[in-house]
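Asker: The sequence isn't on hand, but the structure is:
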């Protein structure tokens with residue numbers, strides 16, 4: 001007890017451990033395994049949250065809820081096509097992003113990064129992440145007109161977005 005009283009900051013040592021420590025063995029330091037998987041698999045990972053929270057349903061979730069939403073065969077076909085296109089573009093871009101993140105990680109690992117390289121690499125990544133977000137948001141825009149007002153309301157209700165006004 002005396003030792004703790006002499007050095008109160010020692011009580012907080014474990015609180016100072018970084019949540020990033022688990023990423024030391026990641027091939028892409030700065031991304032965790034789930035983030036890498038989401039990028040490589042073309043998953044939404046919250047990129048279209050803005051659309052989702054404003055009654056622009058997501059194609060994957062709409063397809064998952066096809067029975068509850070009473071989708072027609074035509075709706076399913078068009079939404080599946082939009083989803084496939086989004087998925088293909090997102091996977092391809094995700095692979096590029098992971099490769100660029102790996103390059104940035106390696107530049108830090110080797111301690112050979114310059115300010116100019118940092119600027120160029122992070123700007124390129126920002127552009128790519130913006131494009132990825134656009135791909136996901138575009139799919140929400142594309143499928144929303146395919147749904148009825150009631151299907152969108154039901155989707156929002158099922159997904160927990162319905163708010164009492």
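Answerer: Here it is on my side, so go on. Quick caveat, the model's predicted, so the values are computed rather than measured.
Asker: Where do the helices of this structure begin and end?
Answerer: Taking DSSP state H, the helices of the chain run over residues 2-6, 33-41, 49-52, 59-64, 73-109, 115-143, 149-159.
Asker: List the buried residues for the fifth one?
Answerer: In this case it means helix 73-109. For helix 73-109, a neighbour-count test (16 or more other Cβ atoms under 10 Å) marks 75, 78-79, 82-83, 86-87, 89-90, 93-94, 96-98, 100-102, 104-105 as buried. Where C-beta positions appear, they are placed from N, C-alpha and C, glycine not excepted.
Asker: Chain neighbours aside, what residue packs nearest to the most centrally placed residue in the chain?
Answerer: For the chain, the residue nearest the mean C-alpha position is residue 45 (2.4 Å; Cα atoms, centre = their mean). Excluding the flanking residues, the one nearest residue 45 by Cβ to Cβ, 6 or more residues apart in numbering is residue 38, at 4.0 Å.
Asker: Isn't the one you found up against residue 47?
Answerer: No: with contacts counted by Cβ atoms under 8 Å, residue 38 stays clear of residue 47, the gap being 9.1 Å.
Asker: Could you measure from the nearest residue to residue 132 once chain neighbours are set aside over to residue 99?
Answerer: Excluding the flanking residues, the one nearest residue 132 by Cβ to Cβ, 6+ apart is residue 93, at 5.2 Å. According to Cβ to Cβ, to the nearest Å, residue 93 stands 11 Å off from residue 99.
Asker: Next: residue 142.
Answerer: 27 Å.
Asker: cool, residue 37 as well?
Answerer: Distance from residue 37 to residue 99, by Cβ to Cβ: 15 Å.
Asker: before we move on, what about residue 40?
Answerer: Counting by Cβ to Cβ, the gap from residue 40 to residue 99 is 10 Å.
Asker: Residue 51 too?
Answerer: In this view, residue 51 and residue 99 are 27 Å apart by Cβ to Cβ.
Asker: if I pick residue 124, what's in contact with it?
Answerer: By Cβ atoms under 8 Å, 6 or more residues apart in numbering, the residues touching residue 124 are residue 100.
Asker: in terms of contact, does residue 141 touch residue 55 like I think?
Answerer: No: at 11.8 Å, residue 141 does not count as touching residue 55 under the criterion of Cβ under 8 Å.
Asker: Who has more neighbours out of those two?
Answerer: Higher neighbour count among residue 141 and residue 55: residue 55, with 16 against 13, using other Cβ atoms under 10 Å.
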